[in-house]
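A.B. asks: have a look; sequence and predicted model below, questions after that.
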Amino acid sequence: MNEITIAVKYDNDNPTVSGRELHAALEVRTQYSIWFDRMCEYGFSEGIDYYSFLNNRSDGLAGKPRTDHQLTIDMAKELCMIQRTEIGKRCREYFINLEKQWNSPDAVMARALQIADQRLELAKQQNGSLIETTAIQAKQIEEMKPKATYCDMVLQSAGLMPITTIAKDYGKSAKWLNKWLHEHGIQYKLGKVWLLYQKYADRGYVKSKTFTVLDENGDSIAKPNTQRTQRGRMFIYEQLKKEGILPLIEQDDS
């Protein structure tokens, strides 16, 4: 008497068998497609008791892949019983023993440990990904610090600032900064006074102060002086940064 061996596949930890392999093991003479359709008349449903798939021929003959079905063990046992043959009885006993082994305490424990190992490995991967993400975010925050530091310094400042003081933020002279702003179409010189072009004139970047000084004859004369607001200071910062020119505080941090 030949020993019954039907390959078992485990889909999401649920044992299933090939319909064609069961058909061969049961030694059914009717063509598989006809036999299977007839068996489904007993109330089996696709997606619950079985699912269909294409499988290459296992008999060595050439041809297109054939439709096969992956059956639950419960469906396989019922199909064995429906055949009402000796081989059907033996196949059913084979599946019953298979279920006993599958549901034995040792097998259940082994599967539980396997699931635990998989979850632990997944947790390690997620933790590693989290650490990597945290490191990237920390680096991004660190890279953002210089700008935030300079902005904070501006926000903490009050009142008007002469262009000389702003230029010192960059280790430059007022002459260099005035020339740079002029070359980039931001300001122009009228007499001895730098004025913003009309495009920027009404944005609150500057305010003018008038100082009284003595001329060489000792007479008092009014002398206008343009100074930057903190808003104007930030505007200069943004324009210079576009050209890769950073204040010293950011150069030091980077």
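C.D. replies: It's in.

A.B. asks: OK, contacts around the residue sitting furthest away from the middle of the chain?
C.D. replies: Largest separation from the mean C-alpha position in the chain: Asn217, at 74.5 Å (Cα atoms, centre = their mean). By Cβ atoms under 8 Å, 6 or more residues apart in numbering, the contact list for Asn217 is empty. Using the backbone N, CA and C atoms, a C-beta is placed for each residue, glycine as well.

A.B. asks: quick one: secondary structure of it?
C.D. replies: Here Asn217 is coil, with the state taken from DSSP: H, G, I helix; E, B strand; the rest coil.

A.B. asks: and the pLDDT for it?
C.D. replies: If you check Asn217, the pLDDT there is 75.

A.B. asks: and Ile96, by the same measure?
C.D. replies: For Ile96, the model assigns a pLDDT of 91.

A.B. asks: again with the one 5 residues further on
C.D. replies: Gln101 carries a pLDDT score of 82 in this model.

A.B. asks: helix or strand: which one has it?
C.D. replies: Taking DSSP states H and E as the definition, one finds Gln101 inside helix 86-102.

A.B. asks: dump the residue contacts of Asp74.
C.D. replies: Counted by Cβ under 8 Å, 6+ apart, Asp74 has contacts Asp49.

A.B. asks: what distance do you get for it to Leu177?
C.D. replies: Note on Asp74: its distance to Leu177, by Cβ to Cβ, to the nearest Å, is 84 Å.

A.B. asks: next one: phi and psi at Val17?
C.D. replies: For Val17, the backbone dihedrals (degrees, to the nearest 10) come out as phi -130, psi 160.

A.B. asks: check Asn55 too.
C.D. replies: Taking degrees, to the nearest 10 as the convention, Asn55 sits at phi -140, psi 140.

A.B. asks: could you look up the SS state of the residue nearest to it when sequence neighbours are not counted?
C.D. replies: Spatial nearest neighbour of Asn55, chain neighbours left out: Asp68 (4.0 Å); criterion: Cβ to Cβ, 6 or more residues apart in numbering. Three-state assignment for Asp68 (three-state DSSP): strand.

A.B. asks: Asp68 and Val17: what is the separation?
C.D. replies: Counting by Cβ to Cβ, the gap from Asp68 to Val17 is 11 Å.

A.B. asks: for Arg38, same thing?
C.D. replies: Arg38 sits 18 Å away from Val17, going by Cβ to Cβ.

A.B. asks: next, the buried residues of the helix holding Gln101.
C.D. replies: Ile87, Gly88, Arg90, Cys91, Arg92, Tyr94, Phe95, Leu98, Trp102 (16 or more other Cβ atoms under 10 Å).

A.B. asks: dump that helix to CSV, keeping only the CA atoms.
C.D. replies: Taking C-alpha atoms only, helix 86-102 is exported to CSV below (Å, rounded to 0.1, in the frame of the first residue of the first chain):
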residue,chain,number,x,y,z
GLU,A,86,-10.7,3.4,0.1
ILE,A,87,-8.1,5.9,-1.2
GLY,A,88,-10.4,8.7,-0.2
LYS,A,89,-10.7,7.4,3.3
ARG,A,90,-6.9,7.1,3.6
CYS,A,91,-6.4,10.7,2.3
ARG,A,92,-8.9,12.0,4.8
GLU,A,93,-7.1,10.2,7.6
TYR,A,94,-3.8,11.7,6.3
PHE,A,95,-5.3,15.2,6.7
ILE,A,96,-6.8,14.4,10.1
ASN,A,97,-3.3,13.4,11.3
LEU,A,98,-1.9,16.5,9.7
GLU,A,99,-4.3,18.7,11.7
LYS,A,100,-3.4,16.8,14.9
GLN,A,101,0.3,17.6,14.4
TRP,A,102,-0.5,21.2,13.4
